[in-house]
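>>> Would you be able to build a 3D model of this:
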Amino acid sequence: MSEVVKIRLSEQIHLDESRLGTLYAQLGESSAENIVCRAMEELAVRMSQCDTLWRSRNLEKLRKHARSLIAIADQIGMHHLAQVARDVTACIDARDDIAVAATLSRMLRIGERSLSAIWSMDDLSI
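Numbers count the residues shown, from 1 in each chain. All right, here's what the predicted structure looks like:
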């Protein structure tokens with residue numbers, strides 16, 4: 001019983017590059033870049049707010065912020081992040097604090113990695 005197992009929390013990040021490509025095709029490079037950058041900034045702000053709201057136990061506002069993440073994430077092809085944000089709202093609705101804590105942590109991890117993945121893409125207009 002002296003063995004300690006360390007669990008590495010890592011998931012594959014899935015970005016819908018075709019969604020980004022569609023944005024660029026529809027709006028042009030400049031407008032699409034503007035939308036993607038604003039969406040990324042808004043996601044980062046809202047994820048930070050979600051963490052703060054959880055720590056202050058404001059579940060009503062946390063639910064509202066998680067719901068807003070869904071639309072923003074879907075807009076720029078972060079469907080995996082959107083799904084986990086849906087899971088967070090479902091856990092809040094079920095009044096399951098342990099599940100909220102776990103899914104919120106997962107959402108923040110996936111969100112951070114998704115933002116990094118988009119940021120590091122060389123050419124978003126593919």
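
>>> Identify each buried residue in the helix ranked longest in the chain, please.
Using DSSP state H, we find that the single longest helix of the chain is helix 29-55. Neighbour-count burial for helix 29-55 flags 32, 36, 39-40, 43, 46-47, 49-51, 53-54 (criterion: 16 or more other Cβ atoms under 10 Å). (Glycine included, C-beta is placed from N, CA and C.)

>>> Using CSV, please lay out those residues together with pLDDT.
Compiled in CSV, those are given as follows (pLDDT from 0 to 100):
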residue, pLDDT
A32, 93
V36, 93
A39, 95
M40, 95
L43, 97
R46, 97
M47, 97
Q49, 98
C50, 98
D51, 97
L53, 98
W54, 98
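
>>> Distance to I76 added to those, as TSV?
Shown next, in TSV, are the buried residues of helix 29-55 (distance: Cβ to Cβ, whole Å):
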residue	distance to I76
A32	10
V36	5
A39	5
M40	7
L43	8
R46	13
M47	14
Q49	19
C50	18
D51	21
L53	23
W54	24
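
>>> Looking at those, which one is closest to I98?
Nearest to I98 among those: W54, at 12.3 Å, using Cβ to Cβ.

>>> could you measure the closest one against L108, distance?
9 Å (Cβ to Cβ, to the nearest Å).

>>> related to what we said a few turns ago, of all pairs in the buried residues of helix 29-55, which one is the farthest apart?
Across these (Cβ to Cβ), the longest gap, 32.5 Å, separates A32 and W54.

>>> Can you tell me the SS state at the nearest residue to M78 once chain neighbours are set aside?
For M78, ignoring the flanking residues on the chain, the nearest one in space by Cβ to Cβ, 6 or more residues apart in numbering is S114 at 4.8 Å. Following DSSP: H, G, I helix; E, B strand; the rest coil, we place S114 in the helix state.

>>> Could I get the buried residue list for the one helix or strand R86 maps to?
In this structure, R86 sits in helix 79-93 according to DSSP states H and E. Using 16+ other Cβ under 10 Å as the test for burial, helix 79-93 gives 79-82, 84-89, 91-92.

>>> which of those lies closest to Q26?
Of the buried residues of helix 79-93, the one sitting nearest to Q26 (Cβ to Cβ) turns out to be H79, at 18.2 Å.
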